[in-house]
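>>> just a sequence and a predicted model for now, questions to come.
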Amino acid sequence: MTTLEIKDLHVTVETETGVKEILRGVDLTVRSGETHAIMGPNGSGKSTLAYSVAGHPKYTITSGSVTLDGEDVLEMGVDERAQAGLFLAMQYPVEVPGVTVSNFLRTAKTAIDGEAPKLRHWVKDVKEAMTSLRMDSSFAERNVNEGFSGGEKKRHEILQMELLSPKIAILDETDSGLDVDALKVVSEGVNRVKASSDIGVMLITHYTRILRYITPDHVHVFIDGKVAESGGPELAERLENEGYDRYLTAQV
């Protein structure tokens, strides 16, 4: 059983007008086999949580703790966090000119496992995963995210997740920019990985539409850098009908 535990996390970021506190005491625990939907309006701190856990240097953690199976995540480098089993699917995946998808994936797998995967099995695994995500085989020889459509970028993120086999996956607005067909394919990919590996998932989203395909065990509403409410799938249904107004009104 893998456990990611976030306790009283406070995070600041440098802005043009000075230091701004984004996260104001976040408590969250994600275990193997669980899907946690993190929902909230723009600017509520959802993506800041994702990037802070992953180790983005833009964000400064002023207090609190993040542990993975009892190990201090905040003392780890970005690569060490990946090796420990954390995975981040980015909202805006970056381009890596000159590096093909196939080389990128095999290099990442080697870095995480500490040894290169056996080529014959690796090629088979990559082809099967790409087929499941309805990605043409020529995709493997394209440069990472260069000229990719929004849907291709998000499928590539899920391809990475499937092949790298993390313990905890943080999916930052994986549904943004996807049409209905691409959303279904990406969601099926997440469900397939969960079913085969018992991975824990932190799914960050504005909208409930992806939750029609990926059923959360827990839903957390983020407002102004804190968890304002937690519940089950029924909380997402309520947000679909009511939105976030009642939380925002309560702050005024």
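Here it is on my side, so go on.

>>> distance from the chain centre to stretch 236-251, please.
23 Å (CA atoms, centre = their mean, to the nearest Å).

>>> avg pLDDT for it?
The average pLDDT within stretch 236-251 is 84.

>>> and for stretch 113-123?
92.

>>> may I have it as CSV, with CA atoms only?
Coordinates of each C-alpha in stretch 113-123 appear next as CSV, following Å, rounded to 0.1, in the frame of the first residue of the first chain:
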residue,chain,number,x,y,z
ASP,A,113,14.2,1.8,-13.0
GLY,A,114,18.0,2.3,-12.8
GLU,A,115,18.5,0.0,-15.9
ALA,A,116,17.4,0.0,-19.5
PRO,A,117,14.4,-2.1,-20.3
LYS,A,118,15.0,-5.1,-22.5
LEU,A,119,14.5,-3.9,-26.0
ARG,A,120,12.3,-6.6,-27.3
HIS,A,121,9.8,-6.4,-24.5
TRP,A,122,10.0,-2.6,-24.4
VAL,A,123,9.1,-2.2,-28.1
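
>>> please point out which parts of that stretch sit buried.
Across stretch 113-123, burial judged by 16 or more other CB atoms under 10 Å covers P117, W122. Using the backbone N, CA and C atoms, a C-beta is placed for each residue, glycine as well.

>>> starting at the chain centroid, how far to it?
That offset, for stretch 113-123, works out to 24 Å (CA atoms, centre = their mean).

>>> now do stretch 173-188
For stretch 173-188 - counting by CA atoms, centre = their mean - the centre lies 14 Å from the chain centre.

>>> what residues of that stretch count as buried?
E173, T174, D175, L178, A182, L183, V185, V186, S187, E188.

>>> in helices, which of those fall?
Counted as lying in helices by DSSP state H, out of the buried residues of stretch 173-188, are A182, L183, V185, V186, S187, E188.

>>> now pLDDT too, for those residues, in a markdown table please.
Shown next, in a markdown table, are these (pLDDT from 0 to 100):
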| residue | pLDDT |
| --- | --- |
| A182 | 91 |
| L183 | 94 |
| V185 | 93 |
| V186 | 94 |
| S187 | 95 |
| E188 | 95 |
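
>>> in a markdown table, list these along with distance to G55.
What follows is those, written out as a markdown table (distance: CB to CB, whole Å):
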| residue | distance to G55 |
| --- | --- |
| A182 | 29 |
| L183 | 28 |
| V185 | 29 |
| V186 | 24 |
| S187 | 27 |
| E188 | 29 |
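
>>> leaving out chain neighbours, which residue sits closest to V144?
Nearest residue to V144 in three dimensions, chain neighbours excluded: V96, at 3.8 Å (CB to CB, 6 or more residues apart in numbering).

>>> where does that neighbour land on pLDDT?
For V96, pLDDT reads 94.

>>> number of residues surrounding it?
Neighbours of V96 under the rule other CB atoms under 10 Å: 14.

>>> for D224, same thing?
17.

>>> poorly predicted segments of the stretch 151-252 of the chain, please.
Applying pLDDT under 70 to the stretch 151-252 of the chain picks out residues 250-252.

>>> quick check, nearest of the ones in helices among the buried residues of stretch 173-188 to A140?
Proximity of those to A140 (CB to CB) peaks at V185, which lies at 17.2 Å.

>>> the closest residue in space to that closest one that isn't next to it in sequence: neighbour count?
Take V185 and drop its neighbours on the chain: the residue closest to it by CB to CB, 6+ apart is R134, 5.5 Å away. By other CB under 10 Å, 14 other residues sit near R134.

>>> quick one: secondary structure of R134?
coil (DSSP: H, G, I helix; E, B strand; the rest coil).

>>> my guess is it contacts V186, does it?
No. Applying CB atoms under 8 Å, one finds R134 not in contact with V186, separated by 10.1 Å.

>>> shared neighbours, those two?
R155 (CB atoms under 8 Å, 6 or more residues apart in numbering).

>>> alright, that wraps it up for me.
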